[in-house]
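Colleague: build me a model:
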Amino acid sequence: MLREGDLGGATPITLTGTSPIVPDLSTLSGAQAALATVNAAIGQLASDRGTVGAMISRLSHTTEQLHAAENNLSAANSAITDAGVASESTTYVRDSLLVRSRTALLAQADSQPQLAQRLLT
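Modeller: As a prediction, this is how the structure comes out:
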């Protein structure tokens, strides 16, 4: 049996901004009031957990979207770099072919002056 002021190891219930409320569990109405307070606190906790869970879900979704955007940007950057390398390679091959053909033409011109003149006219 509880004596007045003895909580029997129970912790006083504290509401934000108020002093502790010590429930009177020795009477039926006191116990019902304490139970209602506990049920309200459980309901508030469930609501808060739902809110936090929804926020975590939104953050996870946003993180996944950011990872997808990062992958897409990386792929686009790679494609741009590949296109630049391909363009430079094409220019190099074209210039190399022009140099080789001019060198071959000059070599033939040294050996056959009339042939070079016919090719140029």
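Colleague: gap between the helix or strand hosting Gln32 and the chain center?
Modeller: Following DSSP states H and E, one finds Gln32 within helix 28-111. Between the centre of helix 28-111 and the centre of its chain there are 7 Å (CA atoms, centre = their mean, to the nearest Å).
Colleague: likewise stretch 24-36?
Modeller: Using CA atoms, centre = their mean, the distance between the centre of stretch 24-36 and that of its chain works out at 50 Å.
Colleague: for it, buried residues please.
Modeller: The neighbour-count check on stretch 24-36 (16 or more other CB atoms under 10 Å) flags Ala34 as buried. Just so you know, the C-beta spots here come from the backbone N, C-alpha and C atoms, and that holds for glycine as well.
Colleague: hang on, isn't Ala33 packed against Pro23?
Modeller: Yes - assessed by CB atoms under 8 Å, Ala33 is found in contact with Pro23 at 6.7 Å.
Colleague: worst-scoring helix or strand of this protein, pLDDT-wise?
Modeller: Lowest by mean pLDDT, DSSP states H and E among the helices and strands of the chain is helix 113-120, with a mean of 68.
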